[in-house]
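K.L.:
dropping a prediction and its sequence here:
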Amino acid sequence: MEKTTFDPKTIRKDFPILKREVNGKPLVYFDNAATSQTPQQVIDAIVDYYSNYNANIHRGVHALSQEATDRYEQARIKIQKHFNAAASHEIIFTSGTTHGINLVANGFSSIVKAGDELLVSAMEHHSNIVPWQMLCERTGAVLKVIPMNQDGELLLGEYRKLLSDRTKLVFCNHVSNALGTVNPIKTIIDEAHKVGAAVLIDGAQAAPHIKADVQALEVDFYTVSAHKMCGPTGVGMLYGKEEWLNILPPYQGGGEMIAEVTFEKTTYAELPHKFEAGTPNICGGIAFGAALDYMNAIGFDGIAAYEHELLIYATERLLTIEGLRIYGTSENKTSVISFNIEGIHPYDIGSILDKLGIAVRTGHHCAQPIMDFYKIPGTVRASFSFYNTKAEIDALVEGVKRAKAMLI
Amino acid sequence: MGIKEIQEEIVDEFEMFEDWMQRYEYMIELGKSLPLIDAQYKTDDNIIKGCQSKVWVHAELVGDKLVFTADSDAIITKGIIAILIRTFSNQKPQDIIDSDTDFIDEIGLKEHLSPTRANGLVSMVKQLKMYAIAYQTQLN
């Protein structure tokens, strides 16, 4: 890939946290796949909300409420445009990806019947497994697994064999959190639609790197978390095709989601409010919009190219360490490297890296089936963002070497 | 020697170390050198699952004292286990119940015994105390 002119030095100035030290060392933050850091522009949006127009939305007659409502709904439109949804009411604010998945799984409990089949990929996060297992327990539907190969790629031939007229739903991540694999979701969606099955894509790990176009994908549901893409925690979005969102029953009852309530009968509000019971995370939604503005101003093409450069550099450098094995070796992956060193537990490496001011994730990454597949207790995962640098990768490589020397 | 004395002894030992590197190297040595648990007790029943590392604990009463053996699949965790076993094993159940693990702060390893660190160690300490309570009831 061509070298980019991307300037991380300027970008880093937007992130106050990157100036801090940990254990007396400059922070090297490589746990971006767990949560991204927050630029000043997003912090300012949060401060602005609470300083200037904090009010409950959608029902106040006063000016502040009106202003907060406008800004919240503007954020919804920013999200709609970012993911290219056909209408803003197809965007449901959630507390995050997990909430989005649970909302859909719950809705399908009145649609799915005993004997129906649901297909899940072998590389899902627990949050895209457990809600569906609960759905199967409630309905008597059967969960089947799309297998993967040693490189961490789904076996599409096996997937096609699993599809039948019994298949009602397919769910898969766009990018694997533990391996970084970018899944061929367009093919997965098209094949599922041929047998009449709906598809939910967990976009949590893709959203910071790839701008998904839900109309071009023709996906039925796509869900993300704001905190993985420079936004705050506790807010996310679920995209659903209008026809599906009209079919699915509400998830939670409460204020905001109703049209009329009597003790005899309640009628529900129109989309998107039908799925947004209670006072939402207003500030979070607005800050999510600010995060999208921030990332789009930098541009996803530049972000993806620079992160790919970091991935290639880190992969080459890490592989110079004897005994180091990378899990997730697909050609098509985001800037995530999951690795182990022969004979060393990932927790031990992570503990020593922490002492050196380097933040990585260790463990099973809420994807135990993947760890079982490779027969390992977990991995060390370094995940890079567009504000990271090659010098930080050098620090990681030196840190891993030091940890290895201490632990072997 | 009582639990408090042993803990003070460990704090003294760790005071010799100048930085975290030396402390960790010592811990890793402790972890590597100690055969901690008999293979027959390394069963699923005795396992404590942390998000990160696995910990096994076995307890038996010898006379009026409780003897602990334990192990982990991570070496730093194992090093801390070696220190905990040294303080709590071969002690009377009531003394174990009355004791604390504050000395871990003093030797600069508090992050590993933090309730927010999912390595199984906090659950292990809880488990040691549970055994002590159970055996104390028997002794009564």
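P.N.:
Yes, it's here. Residues are numbered from 1 along each chain as shown, chains lettered A, B, ... in the order given.

K.L.:
mind giving me the packing neighbours of the helix or strand of chain B with the lowest mean pLDDT?
P.N.:
The weakest-scoring helix or strand in chain B, judged by mean pLDDT, DSSP states H and E, is strand B:47-49 (a mean of 82). Helices and strands touching strand B:47-49, by 3 or more CB pairs under 8 Å, 6 or more residues apart in numbering or on different chains; DSSP states H and E, are strand B:54-62, helix B:121-139. Just so you know, the C-beta spots here come from the backbone N, C-alpha and C atoms, and that holds for glycine as well.

K.L.:
in that strand, what's buried?
P.N.:
Within strand B:47-49, the residues that count as buried by 16 or more other CB atoms under 10 Å in any protein chain shown are residue B:48.

K.L.:
for stretch A:56-76, same thing?
P.N.:
Counting neighbours by 16+ other CB under 10 Å, stretch A:56-76 gives A:57-58, A:65, A:67-69, A:71-73, A:75-76 as buried.

K.L.:
what does stretch A:360-367 give?
P.N.:
A:360-367.

K.L.:
any chance of those residues in CSV, plus pLDDT, distance to chain B and secondary structure?
P.N.:
Putting the buried residues of stretch A:360-367 into CSV (pLDDT from 0 to 100; distance: CB to the nearest CB, whole Å; DSSP: H, G, I helix; E, B strand; the rest coil) gives the following:
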residue, pLDDT, distance to chain B, secondary structure
A:360, 97, 12, coil
A:361, 95, 10, strand
A:362, 93, 6, strand
A:363, 88, 5, strand
A:364, 87, 7, coil
A:365, 84, 10, coil
A:366, 87, 9, coil
A:367, 88, 12, coil
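
K.L.:
closest one of these to residue B:97?
P.N.:
Ranked by distance to residue B:97 (CB to CB), the buried residues of stretch A:360-367 are led by residue A:363 at 31.7 Å.

K.L.:
where does the stretch 301-408 of chain A dip in pLDDT?
P.N.:
Within the stretch 301-408 of chain A, no stretch has pLDDT under 70.

K.L.:
could you pick out the residues of it near chain B for me?
P.N.:
Within the stretch 301-408 of chain A, the positions near chain B by CB under 8 Å from any CB of the partner chain are A:344-348, A:350-352, A:354-355, A:362-364, A:377-378, A:406-407.

K.L.:
just give me the residue right at the centre of chain B.
P.N.:
residue B:84 (2.6 Å; CA atoms, centre = their mean).

K.L.:
what residues does that one make contact with?
P.N.:
B:70, B:101, B:121, B:124-125, B:128 (CB atoms under 8 Å, 6 or more residues apart in numbering or on different chains).

K.L.:
part of a helix, is it?
P.N.:
Yes: looking at residue B:84 with DSSP: H, G, I helix; E, B strand; the rest coil, it is inside a helix.

K.L.:
how many residues are close by residue 109?
P.N.:
Going with chain A. Using other CB atoms under 10 Å in any protein chain shown, residue A:109 has 16 other residues around it.

K.L.:
ah, no, chain B please
P.N.:
Around residue B:109 there are 22 residues (other CB under 10 Å).

K.L.:
deepest of the helices and strands packed on strand B:47-49, which one?
P.N.:
Sort these by mean neighbour count, taking mean count of other CB atoms under 10 Å in any protein chain shown, and strand B:54-62 sits at the top with a mean of 19.

K.L.:
wait, does that one contact chain A?
P.N.:
Yes: contact of strand B:54-62 with chain A (CB under 8 Å from any CB) involves residue B:54.

K.L.:
distance of the spatially most central residue of chain A from residue A:282?
P.N.:
By CA atoms, centre = their mean, chain A has its centre lying nearest to residue A:204, at 0.9 Å. Distance from residue A:204 to residue A:282, counting by CB to CB, to the nearest Å: 22 Å.
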